[in-house]
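**Q** My questions are about this predicted structure, shown below with the sequence.
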Amino acid sequence: MDEPGTGFGCAACCGEDAQKVWGRQREGFAHETAVVQDSHFTVSVRRCLACGQRFAWIRTEFTDWAGGDDASYVAILPLTDVEAAALTDGALAPLDLGPLGEGRRHLHSDRPSGGPARLHWGTGPFPVQEGH
């Protein structure tokens, strides 16, 4: 089930081609539960339909009130079943997800204000903060 080098998921949800994985977000993943639903900060648990791997899906938007080109960031972090349950039941706070990136690969879609969008795989801890 594991994609080589990741320890999580399959080629469909954790494959080398970030664009392909990103392209499957609508039809290749099932939304399991919403953890936070805010217009500028959303956290949910999603599951790959091909292998069952669970992910934290984190979207943050920062409104800059300048021309409507607000920065938005999405991080898709694979979770163990224990982590997914803890996130769902409130034992794991959404703002504490970033350190889980240590030792695992996660997908990021970054679209800064006024800048080009960037899609990339990351490794290591990453910041999680509420948008505004």
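**A** Okay, I see it.

**Q** any chance you could map the strands in the protein?
**A** Along the chain, the stretches classed as strands by DSSP state E are 29-37, 41-48, 54-62, 71-79, 105-111, 118-123.

**Q** I'd like these as TSV, with mean neighbour count appended.
**A** (C-beta placed from N, C-alpha, C; glycine too.) Converted to TSV, those look like this (neighbours: other C-beta atoms under 10 Å):
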stretch	mean neighbour count
strand 29-37	14
strand 41-48	20
strand 54-62	21
strand 71-79	21
strand 105-111	19
strand 118-123	14
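
**Q** So which of the ones you listed is nearest residue 21?
**A** Proximity to residue 21 (C-beta to C-beta) singles out strand 105-111 among the strands of the chain, at 6.0 Å.

**Q** and that closest one with strand 118-123, angle?
**A** 150 degrees (axes from the mean of the first three to the mean of the last three C-alpha atoms, to 10 degrees).

**Q** what is the orientation angle of strand 105-111 with strand 54-62?
**A** Going by the same axes, to 10 degrees, strand 105-111 makes 20 degrees with strand 54-62.

**Q** which residues are in contact with strand 105-111?
**A** Strand 105-111 is contacted from outside by 5-6, 8, 14, 18, 21-22, 71-78, 117-123, 126, using C-beta atoms under 8 Å, 6 or more residues apart in numbering.

**Q** Show me what that strand pairs with in its sheet, parallel or antiparallel.
**A** Strand 105-111 sits in its sheet next to strand 71-79 (antiparallel), strand 118-123 (antiparallel), going by DSSP bridges.
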